[in-house]
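Undergrad: with the sequence up front, the predicted model follows.
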Amino acid sequence: MKLWRDRRGGVAVMAAASAGLVCALAAAIDVGAVALEARRLQGAADLAALSAAADLTRAEAVAAQTAADNAPNLTATVTETGLYTADPSLTPAARFQPGGETPNAVRVTLTKETPLFFGAVLLGRPTFTLTRTARAARPIQPRAVFSIGSRLAGLDGGVANALLTGLTGSQVSLSLMDYQALAAADVDLLSWWSALAMEAGVAASDFEGVVASRIDAGRALELVEPLLDGSSRSALSALSQAMAGRQVRIGDLVALEPGAEGLFEGGLTAGVSALDLAMATAQIAGGDRQVALDFGADVGLASVTADLAVGEPAQSSAWLTVTRSGQPVIRTRQTRLVVRARTSDKLAGLAQVDLPLMVELAPAEARLASVDCPAGAVAVEARPGLARAAVGATTGDLDDFSRDLSVEEARLLSVAGLVTVRAQARVEAAQTTFRPLTFDRAEVQARARKSVSTTTIGQSLVASLLRNLDVTVSALGLGLGLGGLEDKLAALLIPVGATLDGLLNPLLSLLGVRLGEADVRISGLDCRSAAPRLVG
């Protein structure tokens, strides 16, 4: 009890307790000062790395000057150039490798002695060594513009006029030379995009606003005319007048993948064929309505007529998508065609033969696989859409793409009910996997087209069908000399097959689709480095 009442030595106890607090406060001051200086040093390292990455040829000098300006009294500045790989499977430290012939990144390490205050007494040294490192890279972001569409070989002015007349509802009468001029003319995509934005009253940089805008189809083509010259301009002028009055959504013609805005901001040179552009505009402006085509008479044929329906592209993707990584894939439009042809000659002197054909083509697809900037090469993966063709009688709604058309055995010839010739044939083309197409530097620069196919039947569709024709002959046994009628039918129709192929192949090419084939073209390539940025 006496001890509890003793008040002597109280100051000593409080002094001892306060000494600990004073030491802690002193340490906190030193720690705070060092932490603040460490942040300043890291900021200086970041700025030095960014500056050096922007000028890799002078990286060491630029980094030293920037570091000195932002962090005086440095002990050391170490600058290393190297290759940065943005691979999340690597640790941050392993993503930068010093050296290399084509560096795209820089690592800057700064060292500085920062003064200590109270800690100098405890540690026996007046300063503390700080080291901070920053990495900055200018990774090359290879980007390519590619399209999947029509083949320009084998243009037929008559077929093109019939198709455009049906799609536009206006009479189109261009010469073969006009179409050839349009096929050879390239439209600068960036210039056309800017003109579309101005017409829509939207800033060209407002990509979502531009693609959501609607414009008269004829006016969309009019905006292309100043980008052309000579016969291609006059031919496009005629088409723009034919398409006037039909509204299209800009995003259905050309769209941007998210993140691909830099292609336009960087002024990428990318071109599209004026003929491809006109055909795509006509298809989109025509909607999904059925189009009747009359090709008149041809060699071996008394008449050829066709009903055409053009559906929506899969996933409602645009005709031309500017893409950086290959997603979303781009596709052509689904197409159905029912053809009715009648032969000029009679079969065995009995009657003319009616030949019904059905062609159905699903959208083809393509996606960007890789870009090799040093080699200037682009790899694209393409898959022709499922397609089928048949000789037979078609039932079902041609415009209803949600339902398959039914094709049954067709009556090719009937003579007073005494003699009937029926026939049918089917052929299908399907590619379940993507197939590679590689474009070298020269092919990219020439904007060459390449085709990927499932079979060779795309070159001779009707001939392939007629070679596989399953014929049924019914007669009442009246002794009409019908022996060998099937052989005579083959002899009559085989030459007609080549004629019909000569009509259908250019027609399908103009629509951008082929049976079992897909055509791809690289419209532009950008291998410029991205702006410098800090990396882990």
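TA: Perfect, thanks for sending it.
Undergrad: surely A67 touches A45?
TA: Yes - counting by Cβ atoms under 8 Å, A45 is a contact partner of A67 at 7.0 Å. From N, CA and C alone the C-beta is placed, and that goes for glycine too.
Undergrad: so what sits against both of those two?
TA: 108, 110 (Cβ atoms under 8 Å, 6 or more residues apart in numbering).
Undergrad: which intervals of the stretch 101-250 of the chain have sub-threshold pLDDT?
TA: By pLDDT under 70, the low-scoring segments of the stretch 101-250 of the chain are 118-124, 139-157.
Undergrad: what of the stretch 351-500 of the chain?
TA: Applying pLDDT under 70 to the stretch 351-500 of the chain flags the ranges 363, 430-432, 454-459, 476-483.
Undergrad: state the pLDDT value of S316.
TA: In the predicted model, S316 carries a pLDDT score of 43.
Undergrad: do T66 as well
TA: On the pLDDT scale, T66 gets 90.
Undergrad: return the distance of it relative to T131.
TA: Using Cβ to Cβ, to the nearest Å, T66 is found at 17 Å from T131.
Undergrad: isn't F295 right up against L337?
TA: No - with contacts counted by Cβ under 8 Å, F295 stays clear of L337, the gap being 11.9 Å.
Undergrad: higher neighbour count, the two?
TA: When neighbours are counted by other Cβ atoms under 10 Å, F295 and L337 differ, and L337 comes out ahead with 23 against 20.
Undergrad: and that one, what does it touch?
TA: L337 touches 306-309, 357-360, 504, 507-508, counting by Cβ under 8 Å, 6+ apart.
Undergrad: kindly recompute the last result at 7 Å.
TA: 306, 308, 359 (Cβ atoms under 7 Å, 6 or more residues apart in numbering).
Undergrad: can I assume it sits in a helix?
TA: No - secondary structure of L337 (DSSP: H, G, I helix; E, B strand; the rest coil): strand, not part of a helix.
Undergrad: tell me the contacts of the spatially closest residue to it that is not a sequence neighbour?
TA: In this structure, L337 finds its nearest non-sequential neighbour in V359, 4.3 Å apart by Cβ to Cβ, 6 or more residues apart in numbering. By Cβ under 7 Å, 6+ apart, V359 lies in contact with 337, 389, 461, 504, 515.
Undergrad: list the beta-bridge partners for the first one.
TA: What it means is L337. When bridges are called by DSSP bridges, L337 pairs up with L308, V359.
Undergrad: the second one too?
TA: A389 has these beta-bridge partners by DSSP bridges: V359, V427.
Undergrad: picking that back up, including distance to R441, could the contacts of L337 go into CSV?
TA: Below are these laid out as CSV (distance: Cβ to Cβ, whole Å):
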residue, distance to R441
A306, 42
L308, 39
V359, 37
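Undergrad: name the nearest of those relative to L368.
TA: Minimum separation from L368 among the contacts of L337 (Cβ to Cβ) is found for V359, which lies at 29.3 Å.
Undergrad: show me the contacts for the closest residue in space to A200 that isn't next to it in sequence.
TA: Leaving out its chain neighbours, the residue that sits closest to A200 by Cβ to Cβ, 6+ apart is S213, at 3.7 Å. If you count contacts by Cβ under 7 Å, 6+ apart, S213 has them with 200, 202, 250.
Undergrad: if you rank these by neighbours, which is first?
TA: I250 (22 neighbours).
Undergrad: my read: it touches L196, true?
TA: Yes - contact criterion Cβ atoms under 7 Å: I250 and L196 qualify, at 5.6 Å.
Undergrad: so how far is the helix or strand containing Q65 from its chain's centroid?
TA: Using DSSP states H and E, Q65 sits in helix 59-70. Helix 59-70 has its C-alpha centroid displaced from the chain centroid by 42 Å (Cα atoms, centre = their mean, to the nearest Å).
Undergrad: and that helix, what's buried?
TA: 59-60, 62-64, 66-67, 70 (16 or more other Cβ atoms under 10 Å).
Undergrad: likewise for stretch 103-111?
TA: 103-110.
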